[in-house]
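Colleague: Build me a model from this:
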Amino acid sequence: MMLKRSLPLILPLLLAACAVGPDFERPAAPPETALGPAPAASATDIPGQWWELFHSAALNRMIKEALAHNPDLAAAQAALKVARETALANEGNFYPSLTGSFQASRQKDPTASVSSTSASGAPQLNLFTPQLTVGYVPDVWGGVRRGQESLDAQAEAQAFQLEATHLTLASNLVVAAITEASLRGQLAATRRVIEIDRDSLGILKKQLALGQVAETDTLAQETALAQAEQTLPPLEKQLAQQRHLLSALLGRMPGDEPADRFELADLHLPQDLPAALPSKLVEQRPDIRMAEANLQSASAQVGVAIANRLPNITLSGAVGSEALSLDKLFTPGNGLWSIQGTLTQPLFDGFSLMHKERAARAALDQASEQYRSTVITAFQNVADSLTALKLDADALRAATVADTAANRTLTIARKQYQLGQIAYLDLLNAEQASLQARIALVQAQAGQLSDSAAMIQALGGGWWNRPRPDGA
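Modeller: From the prediction side, this is the model:
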């Protein structure tokens, strides 16, 4: 008998133990061959403040300032707070709602047509009604829990969006510093060649006055000098724009440039960069984790859409008192209460709920393909970085040898030309070869540094080795 009486209360609780819609399962990691031949493994992990691997105090100062003042990062932090507070606000749907009210009114009854409603027979009366109302919607089909799952997943996605913004900001600053250093190196090389061209032009003019060279040689040298000088403004423009970019990343206006300057000699190549395994990469990349959270949110929304098509139970009740004066509010006979249960089932809504469920399932398919696309792009980034790093060392060695040889050749050519042992055209060719070799060396050095930063970014940037934002 007791079981029969309890069954109406137990059944909803049993139903609430399950939730309609698909249960989310994390996608499997790609196979170990996804990145091609396995690279040499490295036990080195990426530190949370990975930019310190470049051993530049100026770079460390800039990134510290940017993390404190960059508006994009601040906006991402605010968006994370919005997502978390929204998820916390939704948790109230798991509990009954309790509302208190107090109503006071004064009225006069028409004495000529109806009798007074007051117990005293007076046509004028005061009426006071305090009341507590309780409402509760049992989560029979798990729709509320699926909605909470979706919101929690959205908050998790926003947390990884913040991590991605943090990583992108730091990476952009590192690359901007390397680019500035590269441009300064190219400018120094170009100015050195211009000085050589000016010295050569001075020699030619003296020789022309003595009748030792033809005027065409002097004109050719003036042309070479002008061409070398012509390469300066584009490099200076790029350097100025790079300085503006650094200011913007720091959260400053373009006119408020940072005091620090970057040279290639001040930046050191990180050693022992870690190799990437597919199973670790899907754990470490913020964009993959964000896509995974979006996938879980979309999966939960399917359950919400299904639950909206099923019967819904609403329980409500009220307790209070009503009296003609405040001092009689809680006297016997003035109490009131009500209990109400409502069962609703959508019967016809123009097929709106059906199409909403189909839309939720299509959104799940979309999120699944977006996750797959994100993984493919991430693995492409890592594979590109691995390839670049393998070739950068060879390129740098070749550029160093070429620069050394070109400088030696130019020194010899200048001495030979002064002694009249070679023609001017030979000297001009040596000057141009030296310029190209030095610029190639600078670009190779910058490329190796930039590719190291790109590799660290591709591997996730070490966010797991520093506290999650706001303790996430």
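Colleague: pLDDT (mean, whole number) over stretch 278-292?
Modeller: In this model, stretch 278-292 has a mean pLDDT of 90.
Colleague: Pull out the buried positions in it.
Modeller: Neighbour counts over stretch 278-292 (16 or more other C-beta atoms under 10 Å) mark Pro278, Leu281, Val282, Gln284, Arg285, Pro286, Asp287, Ile288, Arg289, Met290, Ala291, Glu292 as buried. Yep, even glycine has a C-beta here, placed from its N, CA and C like the rest.
Colleague: which other residues reach that stretch?
Modeller: Contact with stretch 278-292 is made by 26-27, 29-32, 34-35, 156-157, 160-161, 163-164, 167, 367, 370-371, 374-375, 377-379, 382, 458-461, 463-464, as judged by C-beta atoms under 8 Å, 6 or more residues apart in numbering.
Colleague: first vs last residue of stretch 132-150, how far apart are they?
Modeller: 32 Å (C-alpha to C-alpha, to the nearest Å).
Colleague: got the buried residues for it?
Modeller: Neighbour-count burial for stretch 132-150 [16+ other C-beta under 10 Å]: 136-137, 139-150.
Colleague: what's the farthest-apart pair in these?
Modeller: Taking C-beta to C-beta as the measure, these span a maximum distance of 21.7 Å, between Tyr136 and Ser150.
Colleague: List the buried residues in stretch 45-65.
Modeller: Quick answer for stretch 45-65 (16+ other C-beta under 10 Å): Ile46, Gln49, Trp50, Trp51, Leu53, Phe54, Ser56, Ala58, Leu59, Met62, Ile63, Glu65.
Colleague: same deal with stretch 100-109?
Modeller: Going by neighbour count (16+ other C-beta under 10 Å), nothing in stretch 100-109 comes out as buried.
Colleague: pLDDT weak spots in the stretch 1-150 of the chain?
Modeller: Across the stretch 1-150 of the chain, the ranges flagged by pLDDT under 70 are 1-17, 37-43, 111-122.
Colleague: At which residues are the strands of it located?
Modeller: Taking DSSP state E, counting those that start in this stretch as the criterion, the stretch 1-150 of the chain carries its strands at 97-108, 124-136.
Colleague: Residues touching the last one, excluding its own?
Modeller: The one in question is strand 124-136. Against strand 124-136 from outside (C-beta under 8 Å, 6+ apart): 95-109, 116-118, 314-326, 329, 336.
Colleague: Equivalent analysis for the shortest one, please.
Modeller: Surrounding strand 97-108, the residues in contact under the criterion C-beta under 8 Å, 6+ apart are 123-136.
Colleague: same thing but 6 Å
Modeller: Residues from elsewhere that reach strand 97-108, judged by C-beta atoms under 6 Å, 6 or more residues apart in numbering: Pro123, Gln124, Asn126, Leu127, Phe128, Thr129, Pro130, Gln131, Leu132, Thr133, Val134, Gly135.
Colleague: What is the distance between it and the centre of its chain?
Modeller: Mean-position distance between strand 97-108 and its chain equals 50 Å (C-alpha atoms, centre = their mean, to the nearest Å).
Colleague: Repeat that for the longest one.
Modeller: In terms of C-alpha atoms, centre = their mean, the centre of strand 124-136 is set 52 Å apart from its chain centre.
Colleague: got it, and stretch 96-109?
Modeller: That offset, for stretch 96-109, works out to 50 Å (C-alpha atoms, centre = their mean).
Colleague: mind exporting it as CSV, just the C-alpha atoms?
Modeller: Taking C-alpha atoms only, stretch 96-109 is exported to CSV below (Å, rounded to 0.1, in the frame of the first residue of the first chain):
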residue,chain,number,x,y,z
PRO,A,96,11.7,25.8,-6.8
SER,A,97,11.0,29.5,-7.1
LEU,A,98,9.7,31.3,-4.1
THR,A,99,8.0,34.7,-4.4
GLY,A,100,6.7,36.9,-1.7
SER,A,101,4.0,39.6,-2.2
PHE,A,102,2.0,42.0,-0.1
GLN,A,103,-1.1,43.7,-1.4
ALA,A,104,-3.0,46.5,0.3
SER,A,105,-6.1,48.1,-1.1
ARG,A,106,-9.0,50.3,0.0
GLN,A,107,-12.4,50.2,-1.7
LYS,A,108,-16.0,51.4,-1.4
ASP,A,109,-19.0,49.4,-2.3
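Colleague: and the residue lying closest to Ala359 once chain neighbours are set aside, how far is that from Val401?
Modeller: Among residues not flanking Ala359 along the chain, Ala305 sits closest, at 7.7 Å (C-beta to C-beta, 6 or more residues apart in numbering). Counting by C-beta to C-beta, to the nearest Å, the gap between Ala305 and Val401 amounts to 66 Å.
Colleague: now swap in Leu239 and tell me
Modeller: 28 Å.
Colleague: one step back: want to throw the contacts of strand 97-108 into CSV with distance to Ala224?
Modeller: CSV is the format used below for the contacts of strand 97-108 (distance: C-beta to C-beta, whole Å):
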residue, distance to Ala224
Pro123, 113
Gln124, 109
Asn126, 105
Leu127, 103
Phe128, 101
Thr129, 99
Pro130, 97
Gln131, 96
Leu132, 94
Thr133, 91
Val134, 91
Gly135, 88
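Colleague: quick one: the strands in the stretch 251-400 of the chain?
Modeller: Going by DSSP E, counting those that start in this stretch, the stretch 251-400 of the chain shows strands at 312-321, 335-344.
Colleague: which of those sits most buried?
Modeller: Highest mean neighbour count of the strands of the stretch 251-400 of the chain: strand 312-321, a mean of 16 (counted as mean count of other C-beta atoms under 10 Å).
Colleague: Okay, angle between that strand and strand 124-136 too, please.
Modeller: 150 degrees (axes from the mean of the first three to the mean of the last three C-alpha atoms, to 10 degrees).
Colleague: Listing partners with orientation, what would you give for strand 312-321?
Modeller: strand 124-136 (antiparallel), strand 335-344 (antiparallel) (DSSP bridges).
Colleague: Perfect, I'm done here.
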